[in-house]
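K.L.:
All I have is the shape, not the residue letters:
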């Protein structure tokens, strides 16, 4: 983050302004990605008029950075009408799409509407691997064609690579592809639970050895020694730190008008069909509670040596059962990065090993239910980290 | 003598007030700029139809203790800088809204 952006964020925080909003227009999609956390059925999306009114409200509330995502945004027939309205209200607009429906005409319009960047997920440079993840034959080819069209228009493209067991060996290939297409490459090593809390897709997360390999790749993290340096523990200043921007200067709005602190933090905080966006932002008890939490209020993390440097996601902690608790996935990342277990991991390991739970799980896996077997193996691996 | 100058905001920009300041970003360069309190007053008054000199005398000089000459000189530097970044359009004639409206295909 540049000094100027940091200054703006600090000012927004002081003035209680929602600087950034992630708006999902739809959960419908033309791909069926195996790691997706969404229910793709339409349960009553906001209408065009409702979304335009919401954009007006958000602009008036001070929202500057607007991420428009889904689902697949172009599944909405009114997508460009919405985008045009967003441009008129002078947001800084980022689109997240799989690009499959971006032909020349769509690329022309995206360019004309001054979109800041377009993010497209590419899971592998190998068609068979990418298409097996999206469950859509030909999807890699179509997404790459969209990237070429957008780049030909001079539009910034971010190629997002979500790391999972199916593509764990491919991120270098995707990175090379991004360089070839003149797109920015980002790697996300975390699979998140479903919005309804179902954690079964976490089985797709890569193991610690694969994470460690990523965190020691100089091309990805820069200075490895610095990135993987042992933590020093939180000091008094760090204990007053805010967990992240969720609910502080950022929030998420679903296609149904539900407001949450973040797309990854499904704490219902109000609905724009019942209340003004700015009233939810200012007065929601849920958002106020999120804002009240500092590192000092987190029983485990405040005592953890990783407390000040961890990438702890409060949304993942919430999905784990406690927004003041640790996010085990981030604990595992901190461990893979530094080799030092967090307080949470220390606490988890000892009781499980001493109670011999691994053996019990193994016995269950012998039952003739393939799904249980897979879960047992994953449980075993996680505990052995 | 300073020439009459008209100024219009570009359409391919992001802009938002933040307190008494304004954040402005060009979509093409993704470069963020912030306008201070006085620059924000000028930014808000820009409409393509009012000469810069009139904006300065009617808004800036009425709100701040500054002479029109000094204010106009500073305003000229500001709009020139923003125009170089593609955030403003400058012209010696009024700039009609139709010429800066979004070029969006149906």
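P.N.:
Cool, the structure landed. Predicted, not measured: the structure shown is a model, and the values here were computed from it. Residues are numbered from 1 along each chain as shown, chains lettered A, B, ... in the order given.
K.L.:
only C-alpha atoms for contact and neighbour calcs from this point on.
P.N.:
Fine.
K.L.:
For residue A:251, pull up the helix or strand it's in.
P.N.:
Here residue A:251, judged by DSSP states H and E, is contained in strand A:250-253.
K.L.:
Looks to me like residue B:89 is in a helix.
P.N.:
No. Remark: residue B:89 does not belong to a helix; assigned using DSSP: H, G, I helix; E, B strand; the rest coil, it is strand.
K.L.:
Apart from its chain neighbours, what residue comes closest to it?
P.N.:
residue B:8 (5.1 Å; CA to CA, 6 or more residues apart in numbering or on different chains).
K.L.:
and the next element down the chain from the host helix or strand of the one you found?
P.N.:
In this structure, residue B:8 sits in strand B:6-9 according to DSSP H and E. Proceeding C-terminally, strand B:6-9 gives way to strand B:13-18 as the next helix or strand, assigned by DSSP H and E.
K.L.:
Tell me how far residue B:27 lies from chain A.
P.N.:
5 Å (CA to the nearest CA, to the nearest Å).
K.L.:
for chain B, which helix is longest?
P.N.:
helix B:68-84 (DSSP state H).
K.L.:
what mean pLDDT would you report for that one?
P.N.:
The predicted model gives helix B:68-84 an average pLDDT of 93.
K.L.:
And it, what's buried?
P.N.:
Buried residues in helix B:68-84, counting neighbours by 16 or more other CA atoms under 10 Å in any protein chain shown, are found at B:68, B:71, B:72, B:75, B:76, B:79, B:80, B:82, B:83.
K.L.:
and what of stretch A:325-342?
P.N.:
Under the neighbour-count criterion of 16+ other CA under 10 Å, stretch A:325-342 has A:325-338, A:340-342 buried.
K.L.:
And stretch A:177-188, by the same measure?
P.N.:
A:177, A:178, A:181, A:182, A:183, A:185, A:186, A:187.
K.L.:
now the helix or strand harbouring residue B:24: how far from the chain's centre is it?
P.N.:
Following DSSP H and E, one finds residue B:24 within strand B:21-26. Relative to its chain's centre, strand B:21-26 lies at 11 Å (CA atoms, centre = their mean, to the nearest Å).
K.L.:
Which secondary structure elements does that strand sit against?
P.N.:
Other helices and strands packing on strand B:21-26, by 3 or more CA pairs under 8 Å, 6 or more residues apart in numbering or on different chains; DSSP states H and E, are strand B:13-18, strand B:32-35, helix B:37-45.
K.L.:
Tell me which of those sits most buried.
P.N.:
Across the helices and strands packed on strand B:21-26, averaging neighbours per residue (mean count of other CA atoms under 10 Å in any protein chain shown) puts strand B:13-18 on top, at a mean of 24.
K.L.:
That one and chain A, are they touching?
P.N.:
Yes. Strand B:13-18 lies in contact with chain A when judged by CA under 8 Å from any CA of the partner chain; the contacting residues are B:13, B:14, B:15, B:16, B:17, B:18.
K.L.:
Which stretches in chain A count as strands?
P.N.:
With DSSP state E, the ranges of strands along chain A come out as A:20-24, A:65-69, A:92-97, A:117-121, A:157-162, A:184-188, A:250-253, A:259-260.
K.L.:
Not counting sequence-adjacent ones, nearest residue to residue 83?
P.N.:
Just so you know, I chose chain A. Of all residues apart from its sequence neighbours, residue A:113 sits closest to residue A:83 (CA to CA, 6+ apart), at 7.5 Å.
K.L.:
Correction: the question concerned chain B.
P.N.:
Beyond its immediate neighbours in the sequence, the residue positioned closest to residue B:83 (CA to CA, 6+ apart) is residue B:89, lying 5.8 Å away.
K.L.:
from what I can see that neighbour touches residue B:9, true?
P.N.:
Yes. Here residue B:89 reaches residue B:9: they are 6.2 Å apart, a contact under CA atoms under 8 Å.
K.L.:
Next one: the residue nearest the centre of chain B from residue B:60, what distance?
P.N.:
Centroid check for chain B by CA atoms, centre = their mean gives residue B:43 as the closest residue, at 4.3 Å. Shown here: residue B:43 relative to residue B:60, a distance of 11 Å by CA to CA, to the nearest Å.
K.L.:
before we move on, the earlier item: tabulate the residues of strand B:13-18 next to chain A (CSV), appending pLDDT.
P.N.:
What follows is the residues of strand B:13-18 next to chain A, written out as CSV (pLDDT from 0 to 100):
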residue, pLDDT
B:13, 90
B:14, 94
B:15, 95
B:16, 96
B:17, 95
B:18, 95
